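Novice: mind folding the following:
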Amino acid sequence: MAAPGPPGPPPVPIPDIGLRAGPQYVGIMCNAYLYGMLVLQFYNYHTRFRNDYPILRAIVHVQFLLETAQTIMSVADGFHWFVDGYGVGDQLSEFFLAAIDTPILCTLIAVISQGAYCWRIYRLSGWRVITSLIVVVILGQIAGGLGVGILMQQIGLITKWNHKVEAFMIVWTICTTVADVAIAVVMTWLLVSNSSYMNMLIINNNAYQATVSIVQLLTTLIGPIKPPRTTMFLAPGYILGKLYSNSFLMMMNNRRFAGGVNEEVVTPGVGEPIVQLRPRHIHTSEAVLVGKETAVHFDNVSSSSYGPSGEAKVRFSEI
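Specialist: Numbers count the residues shown, from 1 in each chain. Take a look at the predicted model:
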């Protein structure tokens, strides 16, 4: 009778694939779908606002580059988990690039869009206190998101999740939710009086962002589904950044329709008259419209958005 050989390596425990792989897969697929919509939005902006203000064009291009990098990295995550790691249970526990493309890049993308909405809230309402409070919450979101990304990159595995990562995760998700809900509520309050189709689109997008932020918060706080038990928090993380970017670019593109036929408009404050301004050089498929002006009469010149020389102080293109 032959002597028994040395014992082999212990079997690799394979986690619950439906629970662990499902959320990442859904998040990556939705992320790729929303990127396709973003490409269309970016193309429309690039062709119609070629002579837009340089700072706005720079912001749009930076955000699009960040989203492109985030999409490529998320696809690399999926290949690492579902193709290269097929049948390797432990590989699903690795963060790989998710530590960068979900908390870090999503935070940077969110700051661009949320900052634009804060500026728009201030220009539409003049509410300094409310705008400042939202900015403070956004700063907390930046600290939490960057902290989560750095710590996730250091630990590398969700099985090494610790209380420090959890604390930053809670700060990140709570601040993100509070900021998105506040922006959605304030923008709805400011735009609900004007029931135009474009304003309703902006309100709906803000509501979608707030809803996904709440879902991400719940996947962080609810015991049975929060990390390190599951990686469900990655799914809304992949989706949220694309919602920010699509909403921001839609707001930029809709300036073309804000005042009618290719005119820009601005609302100096709540309850004050809308001022139609001279349009930018807006390229369309039919022609290039330039130089059109609209005369506006004010009973009280001091309350208008025009200075003594007739130049506009505030432009809708400033968001």
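
Novice: buried ones in the helix or strand hosting V136?
Specialist: Assigned by DSSP states H and E, V136 falls within helix 128-155. Using 16 or more other CB atoms under 10 Å as the burial criterion, the residues of helix 128-155 that qualify are 130-131, 134, 137-138, 140-141, 144-149, 151-152, 155. Backbone N, C-alpha and C define where each C-beta goes, glycine included.

Novice: for it, packing partners?
Specialist: Judged by 3 or more CB pairs under 8 Å, 6 or more residues apart in numbering; DSSP states H and E, helix 128-155 is in contact with helix 98-99, helix 105-125, helix 163-191.

Novice: so it versus helix 163-191, what angle?
Specialist: Orientation of helix 128-155 against helix 163-191 (axes from the mean of the first three to the mean of the last three CA atoms, to 10 degrees) gives an angle of 150 degrees.

Novice: can we start the residue count at 886 from this point?
Specialist: In the new count, where the first residue is 886, that last one comes out as helix 1013-1040.

Novice: ramachandran coordinates for F964?
Specialist: phi -60, psi -40 (degrees, to the nearest 10).

Novice: gap between it and R1005?
Specialist: 39 Å (CB to CB, to the nearest Å).

Novice: check I1088 too.
Specialist: 13 Å.

Novice: who touches both of the two?
Specialist: M1072 (CB atoms under 8 Å, 6 or more residues apart in numbering).

Novice: okay, helices next: where are they in the chain?
Specialist: 902-933, 939-963, 983-984, 990-1010, 1013-1040, 1048-1076, 1082-1106, 1119-1138 (DSSP state H).

Novice: out of the ones you listed, the one nearest Y971 is which?
Specialist: In terms of CB to CB, the element of the helices of the chain nearest to Y971 is helix 902-933, at 10.2 Å.

Novice: what about dumping the CA coordinates of stretch 916-925 to CSV?
Specialist: The C-alpha trace of stretch 916-925 is given here as CSV (Å, rounded to 0.1, in the frame of the first residue of the first chain):
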residue,chain,number,x,y,z
ASN,A,916,-21.2,53.2,-17.0
ALA,A,917,-20.4,52.3,-20.6
TYR,A,918,-24.0,53.0,-21.7
LEU,A,919,-24.0,56.5,-20.1
TYR,A,920,-20.5,57.2,-21.7
GLY,A,921,-22.1,56.7,-25.1
MET,A,922,-24.7,59.4,-24.2
LEU,A,923,-21.9,61.6,-22.9
VAL,A,924,-20.0,61.4,-26.2
LEU,A,925,-23.1,62.6,-28.1
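
Novice: and that stretch, what's its mean pLDDT?
Specialist: Mean per-residue pLDDT for stretch 916-925: 94.

Novice: repeat that for stretch 962-979.
Specialist: So the average pLDDT for stretch 962-979 ends up being 80.
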